[in-house]
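Asks: Below is the structure, and that's it, no one-letter string:
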């Protein structure tokens with residue numbers, strides 16, 4: 001149920017707030033029921049105001065980037081979903097250092113680095129997320145990770161303070177950062193890169209993108225790799241080994257192109273995906289002994 005008093009206060013402040021917004025329109029899986037509130041903030045001041053109002057009216061809130069690693073419940077979200085825009089999409093650089101807002105897409109960041117002849121982010125080109133989400137997950141691909149290039153992150157603490165902290169304090173490891181547990185909101189990140197020939201950088205970016213296009217089911221909605229890489233093996237290879245390539249539950253399917261992906265063939269529900277995930281996990285455990293841990297986040 002929409003709290004009209006909360007909505008009135010948000011609107012009065014000039015902040016954009018929509019109600020009953022289908023989350024399938026804001027996730028790459030194209031799955032998910034409506035969120036009670038979908039709020040766009042353009043500055044730290046607006047972000048603080050929204051959080052203060054959420055607390056005042058006892059409304060849960062969460063930040064969303066590009067929705068590329070999320071599976072939203074079919075019934076939707078009884079909370080405020082906050083999206084970072086405006087100043088959170090700013091990018092600047094000084095010498096070999098780029099500072100980038102958390103709301104910026106990785107593709108835009110990589111293109112900016114290319115235009116400045118700065119190398120180090122090529123691995124991230126084509127990852128369909130934002131800088132904030134990439135830091136949160138310590139996103140990586142093709143042998144590179146965000147932890148390789150991040151020097152510091154600026155965040156908003158739960159008590160409303162803006163802090164800049166060095167990368168070595170962020171507990172960056174495989175698909176993990178301290179932001180999974182500290183309740184801070186990532187505002188921006190600083191990256192240390194190195195000069196290189198622009199044509200060489202572009203060649204590497206094109207190579208990585210070509211690998212994605214040829215090996216991943218980019219023609220279907222998905223949330224990327226569903227499972228974390230188990231130690232000593234590869235999730236996709238284990239799934240294929242168990243004969244699960246092409247397996248379906250409702251509109252959800254283990255991709256025939258890359259078994260590490262579950263795709264939305266059309267009309268898939270959150271429950272379809274979760275049932276298929278459970279089937280894959282049980283089959284792989286029973287037949288190989290490996291436990292597959294889900295990488296995508298279910299809301």
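Replies: All right, it came through fine. Fair warning: this is a prediction, and the values are worked out from it, not measured in the lab. Numbers count the residues shown, from 1 in each chain.

Asks: give the contact list for the nearest residue to residue 137 once chain neighbours are set aside.
Replies: Closest residue in space to residue 137, ignoring its immediate chain neighbours: residue 175 at 5.5 Å, by Cβ to Cβ, 6 or more residues apart in numbering. (Glycine included, C-beta is placed from N, CA and C.) By Cβ atoms under 8 Å, 6 or more residues apart in numbering, residue 175 lies in contact with 137-140, 228, 295.

Asks: what's the farthest-apart pair in the residues you listed?
Replies: Using Cβ to Cβ, the contacts of residue 175 span at most 12.5 Å, a distance reached by 139 and 228.

Asks: So these two - more neighbours on which side?
Replies: For residue 139 and residue 228, the more surrounded residue by other Cβ atoms under 10 Å is residue 139, and the numbers stand at 24 against 15.

Asks: List the contacts of the more buried one.
Replies: Listed by Cβ under 8 Å, 6+ apart, the contact partners of residue 139 are 106, 124, 127, 129, 133, 145-146, 175.

Asks: 7 Å instead, please
Replies: Residues near residue 139 by Cβ atoms under 7 Å, 6 or more residues apart in numbering: 124, 127, 129, 146.

Asks: Equivalent analysis for residue 57, please.
Replies: Contact analysis of residue 57 by Cβ under 7 Å, 6+ apart lists 3, 5-6.

Asks: circling back: show me which of the contacts of residue 139 is closest to residue 205.
Replies: residue 124 (9.4 Å).

Asks: Tell me how far residue 286 lies from residue 123.
Replies: Residue 286 is 34 Å from residue 123, where distance means Cβ to Cβ, to the nearest Å.

Asks: Between the two, which has more neighbouring residues?
Replies: Per other Cβ under 10 Å, whichever of residue 286 and residue 123 has more neighbours is residue 123, with 22 against 9.

Asks: how about the nearest residue to the more buried one, chain neighbours excluded?
Replies: Nearest residue to residue 123, sequence neighbours excluded (Cβ to Cβ, 6+ apart): residue 144, at 3.0 Å.

Asks: If the one you found is in a bridge, with which residues?
Replies: Bridge pairing for residue 144 (DSSP bridges) gives the partners residue 141.

Asks: before we move on, the earlier item: what about the contacts of residue 175, which are in strands?
Replies: Per DSSP state E, strands hold the following members of these: residue 140.

Asks: hang on, the earlier thing: for the contacts of residue 57, which single residue is the most surrounded?
Replies: residue 6 (19 neighbours).

Asks: pLDDT of the strand or helix carrying that residue, averaged?
Replies: Per DSSP states H and E: residue 6 is located in helix 4-12. What helix 4-12 shows for mean pLDDT is 93.

Asks: same for that helix, what does it pack against?
Replies: Judged by 3 or more Cβ pairs under 7 Å, 6 or more residues apart in numbering; DSSP states H and E, helix 4-12 is in contact with strand 16-22, helix 44-56.

Asks: report the angle between the axes of that helix and helix 44-56?
Replies: 170 degrees (axes from the mean of the first three to the mean of the last three Cα atoms, to 10 degrees).

Asks: buried sites along helix 4-12?
Replies: 6-7, 9-10 (16 or more other Cβ atoms under 10 Å).

Asks: which pair in these spans the largest distance?
Replies: Across these, the longest distance by Cβ to Cβ is 7.4 Å; it joins 7 and 9.

Asks: Low-confidence stretches in the protein?
Replies: Across the chain, nothing is flagged by pLDDT under 70.
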